[in-house]
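S.K.: sequence and predicted structure are below.
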Amino acid sequence: MSVSVRVPAKVNVQLAVGAARPDGFHDLANVFLAVGLYDQVTVTPAEELRITCEGPDAGQVPLDRTNLAARAALALAERRGIDPAVHIHIAKDIPVAGGMAGGSADGAGALLACNTLWDAGASRAELLAICAELGSDVPFSLVGGAALGTGRGEKLTALEVGATFHWVFAMADRGLSTPAVFREFDRLGEGLDIPEPVASGELLEALAKGDPDALAAAVSNDLQSAALSLFPELADTLAAGRGAGALTALVSGSGPTTAFLVRDPESAEKVAQALRVSGTCRTVRTASGPAPGATVL
Ligand SMILES: C[C@](O)(CO)[C@H](O)COP(=O)(O)OP(=O)(O)OC[C@H]1O[C@@H](n2ccc(N)nc2=O)[C@H](O)[C@@H]1O
Ligand SMILES: Nc1ncnc2c1ncn2[C@@H]1O[C@H](COP(=O)(O)OP(=O)(O)OP(=O)(O)O)[C@@H](O)[C@H]1O
């Protein structure tokens, strides 16, 4: 018997970042939107814990116990006194090290899949607590939809969204390390007074109304300068998407994936095609959100 779970990627429509905390993390006002690009995690009883991965970026995914999916299975097994002998297969469609929470999606997916396979009975609250131990983005991968993440991004409040938003994503030809981008944020902010991160009222209202123009005017990402500093060519990708008529263009989370908000699926195709021929990115995908969180298939 196997259990498969589908888990969405995310884009951060607002990412306000505070000063580094004593523990090295940063307080955030992190407005997540799940989008319809998915990894599928399948767990099957096996002799011992092992991981396999398929997909265009599979070669970059660690297949040992550092994989977030393995860490999730081990964390649940340990809490429940269960033998973690399971084969975890990841069908990966979310770009690796792209700022779209691909590893986090696999962690949340494996956790939900193992809880189901083992009939482990962990409650939603317990699953969310394990997610928060695994990483700041992992709780959101479990719940999906749209949410405000505070603390280091793990304390979630669900948000109302009044309509489907359409996006184009441009994947870069190399990844960016999330800790390196936060370090660059610290370096660029040295000597400056970094304000407390606060969610934008205009942005929350735009989401609730389902108004793409208002959302485009309100999106922001405090990690964007740091990502551009480490990966200056991303400016060309952003300009190509803007030039093709995107309502707004921004770096997704810690990057280097760039995200383009568009008015409708037709504009998405137009912007996607322009980005494809621009020579400024590796691949281009369209997706809309909010998408549901981790779901047992
Ligand atoms: C950039 C975002 O993707 C936006 O959603 C997240 O903040 C990152 O979430 P994540 O990849 O789940 O990150 P974690 O695995 O928790 O942390 C990886 C590293 O990112 C940095 N980090 C992460 C989250 C946070 N609030 N402050 C940080 O400084 C820390 O250096 C940490 O060691
Ligand atoms: N299941 C996994 N899938 C992909 N990468 C993983 C996984 N488990 C661990 N990793 C490691 O995590 C690193 C970050 O990959 P990931 O795809 O999660 O980045 P990301 O999408 O930028 O994350 P985020 O948006 O949450 O900051 C990879 O370089 C890889 O070494």
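M.R.: Structure received. Fair warning: this is a prediction, and the values are worked out from it, not measured in the lab. Ligands and ions are numbered 1, 2, ... in the order given.

S.K.: so is the residue of the stretch 151-297 of the chain found nearest ligand 1 in a helix, a strand, or just coil?
M.R.: Relative to ligand 1, the nearest point of the stretch 151-297 of the chain is residue 152 (3.3 Å; CB to the nearest ligand atom). (Glycine included, C-beta is placed from N, CA and C.) With DSSP: H, G, I helix; E, B strand; the rest coil as the basis, residue 152 sits in coil.

S.K.: contacting residues around the one residue in the stretch 1-150 of the chain that gets nearest to ligand 2?
M.R.: Proximity of the stretch 1-150 of the chain to ligand 2 (CB to the nearest ligand atom) peaks at residue 103, 2.5 Å away. Residues near residue 103 by CB atoms under 8 Å, 6 or more residues apart in numbering: 67-68, 96, 135.

S.K.: please check these and keep the buried ones.
M.R.: 67-68, 96, 135 (16 or more other CB atoms under 10 Å).

S.K.: of these, list those near ligand 1.
M.R.: Among the buried ones among the contacts of residue 103, the ones lying near ligand 1 by CB under 6 Å from any ligand atom are residue 135.

S.K.: distance to ligand 2 and pLDDT for the buried ones among the contacts of residue 103 - can I get that in a markdown table?
M.R.: As requested, the buried ones among the contacts of residue 103 are exported to a markdown table (distance: CB to the nearest ligand atom, whole Å; pLDDT from 0 to 100):
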| residue | distance to ligand 2 | pLDDT |
| --- | --- | --- |
| 67 | 4 | 98 |
| 68 | 4 | 98 |
| 96 | 4 | 92 |
| 135 | 7 | 98 |
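
S.K.: biggest separation within the buried ones among the contacts of residue 103, which pair?
M.R.: Pairwise distances across the buried ones among the contacts of residue 103 (CB to CB) peak at 14.5 Å, for the pair 96 and 135.

S.K.: quick one, what contacts the residue lying closest to residue 54 once chain neighbours are set aside?
M.R.: Ranked by CB to CB, 6 or more residues apart in numbering and with sequence neighbours excluded, the top spatial neighbour of residue 54 is residue 91, at 5.5 Å. Listed by CB under 8 Å, 6+ apart, the contact partners of residue 91 are 39-42, 53-55.

S.K.: in strands, which of those residues fall?
M.R.: In this view, the contacts of residue 91 that belong to strands under DSSP state E are 39-42, 53-54.

S.K.: now a PyMOL select for only the buried ones of those residues.
M.R.: Those of the ones in strands among the contacts of residue 91 that count as buried under 16+ other CB under 10 Å are selected in PyMOL with:
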select buried, resi 39+40+41+42+53
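
S.K.: tell me the one of the ones in strands among the contacts of residue 91 nearest residue 78?
M.R.: So of the ones in strands among the contacts of residue 91, ranked by how close each gets to residue 78 (CB to CB), first place is residue 41, at 19.0 Å.

S.K.: against residue 134, how distant is the nearest residue to that closest one once chain neighbours are set aside?
M.R.: Nearest residue to residue 41, sequence neighbours excluded (CB to CB, 6+ apart): residue 109, at 3.4 Å. Computed with CB to CB, to the nearest Å, the distance linking residue 109 and residue 134 is 12 Å.

S.K.: in a markdown table, list the contacts of residue 91 along with pLDDT.
M.R.: Formatted as a markdown table, those follow (pLDDT from 0 to 100):
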| residue | pLDDT |
| --- | --- |
| 39 | 98 |
| 40 | 98 |
| 41 | 99 |
| 42 | 99 |
| 53 | 98 |
| 54 | 98 |
| 55 | 97 |
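
S.K.: closest to residue 246 out of those?
M.R.: Nearest to residue 246 among these, with distances taken as CB to CB, is residue 39, at 25.4 Å.

S.K.: so the closest one sits against residue 108, correct?
M.R.: No. Counting by CB atoms under 8 Å, residue 39 does not reach residue 108; the two are 9.6 Å apart.

S.K.: could you list the domains of the chain?
M.R.: Taking automatic domain parsing as the domain assignment, the ranges for the chain are 3-159, 165-289.

S.K.: which of those domains is buried the deepest?
M.R.: Ranked by mean neighbour count, the domains of the chain are led by domain 3-159 with a mean of 21 (mean count of other CB atoms under 10 Å).

S.K.: now do the same contact list for the residue located most distally from the centre of the chain.
M.R.: Relative to the centre of the chain, and counting by CA atoms, centre = their mean, the farthest-placed residue is residue 47 at 31.8 Å. For residue 47, the contact set (CB under 8 Å, 6+ apart) comprises residue 85.

S.K.: give me the distance between it and residue 217.
M.R.: Taking CB to CB, one finds residue 47 at 55 Å from residue 217.

S.K.: next: residue 166.
M.R.: 16 Å.

S.K.: residue 254 and residue 185 touch, don't they?
M.R.: No. With contact defined as CB under 8 Å, residue 254 does not reach residue 185; the gap is 9.1 Å.
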